[in-house]
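S.K.: what shape does this take:
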Amino acid sequence: MAEITYDHEYTAHLNSSVQDRYGSTTKRVGTHISDLLYCLRKGWGKHHVPEEQWSQADPDDDPMVMWAQGLQFEDLVGTGEPQQPWAYCFTCRAVSAVPAPLEGIEKATCGVCGNRWLIGTPDYRVPDGQGNHIIHESKQTRKSQRRGPHDAPWWMEQLQSYLFFDHVRNPNAPEWGRLVVNWLMGDYGEKKKGKRPRPPRSAIEAFKVDFAGTDWNEVHEELSRRKSIVEGKDMPPLTGMGDGMERSPVYDFECANCIVGKAISCELFVWDDEDNEIIPGAGETQEASSEL
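M.R.: Model prediction:
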């Protein structure tokens, strides 16, 4: 029987190499499209709570996640050209390129009016042969392939936001883009009784997403509304994503691993300091029992 031991030293070397080679040294200080797609309360917390008070590091900033699981796939299917961040000023109603970071910190405000930008970075663009470019957004996911992108409406909102930026730059820009998705686990395989088991298989698929007929001014207004909530002074209520009584987060899969839920005392954050689930009323029941 072979002896297996965990190689701590080489594991640390590998992770350090990835960090040194692919980790970003630029501190994000601007408001990004991704801040407006999920829980607006979480977005608010990331902008108002110091990082040292977060319960854990932001997984989106982990170079192992960003490169090994994301950028590597983007490099595989994309054009190979560096991503170009775009900045939209809601006051000037203009899109500009984001200048190079100064002293390791990215610029966050418009150089004309001084108001805070909304920053977005399309994954890659492909010429359409008619003088325009088609925006592509690549996704690598463990979600099941079975229902396709319909189970991820936030992907469509992200792509639509990039197309909005493009339309500000060029009113004749295409009204459609593509999602290129790597389903890491396929459709989770076939495990029905009486059928031959089929293992999950990774797959790559492309989807054309058409936004023809979109009122781009409405997109401007909605992005502006969400941005004002995220940047606002007061912590948003759990109705912040819509006009009715929809909860924010709309996508409650974020709650379990929220990085700021504890710091902002969100009622949907259910983990104590030892990472045990907080069961509502459990402490009161125990206290009442001890008095009997």
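S.K.: now stretch 208-226: how far from the chain's centre is it?
M.R.: Centroid displacement of stretch 208-226 relative to its chain, using Cα atoms, centre = their mean, to the nearest Å, is 18 Å.
S.K.: what's the first-to-last distance across it?
M.R.: Terminal residues of stretch 208-226 are spaced 26 Å apart (Cα to Cα, to the nearest Å).
S.K.: buried ones in that stretch?
M.R.: 209, 211, 216, 219-220, 222-223, 226 (16 or more other Cβ atoms under 10 Å). The way it works is simple: take the backbone N, C-alpha and C, and place the C-beta from them, glycine included.
S.K.: show me the contact partners of it.
M.R.: Applying Cβ atoms under 8 Å, 6 or more residues apart in numbering, the contact partners of stretch 208-226 are 33, 36, 40, 90, 93, 118, 149, 156, 159-161, 163-164, 167-168, 175-179, 240-241.
S.K.: could you rerun that using 6 Å?
M.R.: Outside stretch 208-226, the residues within contact range by Cβ atoms under 6 Å, 6 or more residues apart in numbering are 36, 90, 159-160, 163-164, 167, 175-179.
S.K.: for stretch 75-89, same thing?
M.R.: Here stretch 75-89 makes contact (Cβ under 6 Å, 6+ apart) with 95-96, 98, 110, 117-121, 124, 138, 165, 180.
S.K.: from those, pick the one nearest Gly232.
M.R.: Using Cβ to Cβ, Leu118 comes nearest to Gly232 of the contacts of stretch 75-89, at 14.6 Å.
S.K.: now do the SS call for the closest residue to the closest one other than its chain neighbours.
M.R.: Excluding the flanking residues, the one nearest Leu118 by Cβ to Cβ, 6 or more residues apart in numbering is Tyr88, at 4.7 Å. At Tyr88 the chain is in strand, as set by DSSP: H, G, I helix; E, B strand; the rest coil.
S.K.: any idea how far Met185 is from Tyr88?
M.R.: 35 Å (Cβ to Cβ, to the nearest Å).
S.K.: out of the two, which sits in the more crowded spot?
M.R.: A direct count of neighbours by other Cβ atoms under 10 Å for Tyr88 and Met185 places Tyr88 higher, at 24 against 16.
S.K.: need the residue closest to the centroid of this structure.
M.R.: Nearest to the geometric centre of the chain sits Ser34, at 4.6 Å (Cα atoms, centre = their mean).
S.K.: can you list the weak-confidence ranges in the stretch 101-250 of the chain?
M.R.: Scanning the stretch 101-250 of the chain for pLDDT under 70 picks out 104, 243-245.
S.K.: show me where it has helices.
M.R.: Counting by DSSP state H, counting those that start in this stretch, the stretch 101-250 of the chain has helices at residues 153-169, 216-231.
S.K.: may I have the beta-bridge partners of Glu137?
M.R.: Counting by DSSP bridges, Glu137 forms beta bridges with Leu179.
S.K.: pretty sure it contacts Tyr124?
M.R.: No: taking contacts as Cβ atoms under 6 Å, Glu137 lies outside contact range of Tyr124: 8.7 Å.
S.K.: hang on, the earlier thing: which of the contacts of stretch 75-89 are buried?
M.R.: Taking 16+ other Cβ under 10 Å as the criterion, what is buried in those is 95-96, 98, 110, 117-120, 124, 138, 165, 180.
S.K.: rebuild the buried residues of stretch 208-226 as a markdown table, extending it with distance to Glu9.
M.R.: Below are those laid out as a markdown table (distance: Cβ to Cβ, whole Å):
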| residue | distance to Glu9 |
| --- | --- |
| Val209 | 47 |
| Phe211 | 51 |
| Trp216 | 54 |
| Val219 | 51 |
| His220 | 53 |
| Glu222 | 51 |
| Leu223 | 48 |
| Arg226 | 46 |
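S.K.: out of these, who's nearest Ser16?
M.R.: Proximity of the buried residues of stretch 208-226 to Ser16 (Cβ to Cβ) peaks at Arg226, which lies at 37.4 Å.
S.K.: ok, back up a step: quick one: the residue nearest to the centre of the chain from Met1, how far?
M.R.: Distance, Ser34 to Met1, using Cβ to Cβ: 48 Å.
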